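> Give the three-dimensional model of this entry:
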Amino acid sequence: MLPEMHSAAQFKICAPVQSLNPMGRRQTPSEFLKQIIGKPVVVKLNNGTDYRGILACLDGYLNIAMEQTEEYLDGQLKSKYGDAFIRGNNVLYISAQKRRF
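Purely as a prediction, here's the structure:
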């Protein structure tokens, strides 16, 4: 017996993940990450810790190298590391910062 066919109207079609850059142009997550290399970022980990610093580089696994890195827990500065490496499986998100610190 063949599986029942569903019409397209029964499924919600999701658009690819995109955001708008400062110029109002749509961009993919990959384009966004390339754009913020060398800029101030906040990296939020799964455990709630924030790392703030300059994004030096990252790879396809979201392993991150940062410079001028500061560690924040519950909004309080805990440590300053200078250069730091964060393993990608710990990353919840990466956010660009509008200002340099």
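> which intervals of this protein have sub-threshold pLDDT?
Scanning the chain with the threshold set as pLDDT under 70 gives 1-24, 99-101.
> what's near enough to touch the spatially closest residue to residue 47 that is not a sequence neighbour?
When the adjacent residues along the chain are set aside, residue 47 lies closest to residue 90, with 7.5 Å between them (Cβ to Cβ, 6 or more residues apart in numbering). For every residue, glycine as well, the C-beta is placed using N, CA and C. The neighbourhood of residue 90, defined by Cβ atoms under 8 Å, 6 or more residues apart in numbering, consists of 45, 46, 47.
> let's see 10 Å
Taking Cβ atoms under 10 Å, 6 or more residues apart in numbering, we find residue 90 in contact with 43, 44, 45, 46, 47, 49, 62, 63, 64.
> got it, and residue 85?
56, 57, 63, 64, 65, 66, 69.
> and those, which two are the farthest apart?
The largest separation in the contacts of residue 85, counting by Cβ to Cβ, is between 63 and 69 at 14.3 Å.
> Which one of those two is surrounded by more residues?
Using other Cβ atoms under 10 Å as the criterion, residue 63 and residue 69 rank with residue 69 on top: 21 against 15.
> Alpha carbons of whichever strand or helix holds that one, in PDB - could you do that?
Secondary structure from DSSP states H and E places residue 69 in strand 64-73. The C-alpha coordinates for strand 64-73 follow below in PDB (Å, rounded to 0.1, in the frame of the first residue of the first chain):
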ATOM      1  CA  ILE A  64      35.700  29.900  18.300                       C
ATOM      2  CA  ALA A  65      39.000  31.800  18.900                       C
ATOM      3  CA  MET A  66      38.600  35.100  20.600                       C
ATOM      4  CA  GLU A  67      41.000  38.000  21.600                       C
ATOM      5  CA  GLN A  68      40.600  40.400  24.500                       C
ATOM      6  CA  THR A  69      38.200  37.900  26.100                       C
ATOM      7  CA  GLU A  70      36.300  38.600  29.300                       C
ATOM      8  CA  GLU A  71      34.100  36.100  31.100                       C
ATOM      9  CA  TYR A  72      30.800  37.200  32.600                       C
ATOM     10  CA  LEU A  73      28.500  35.100  34.900                       C
END
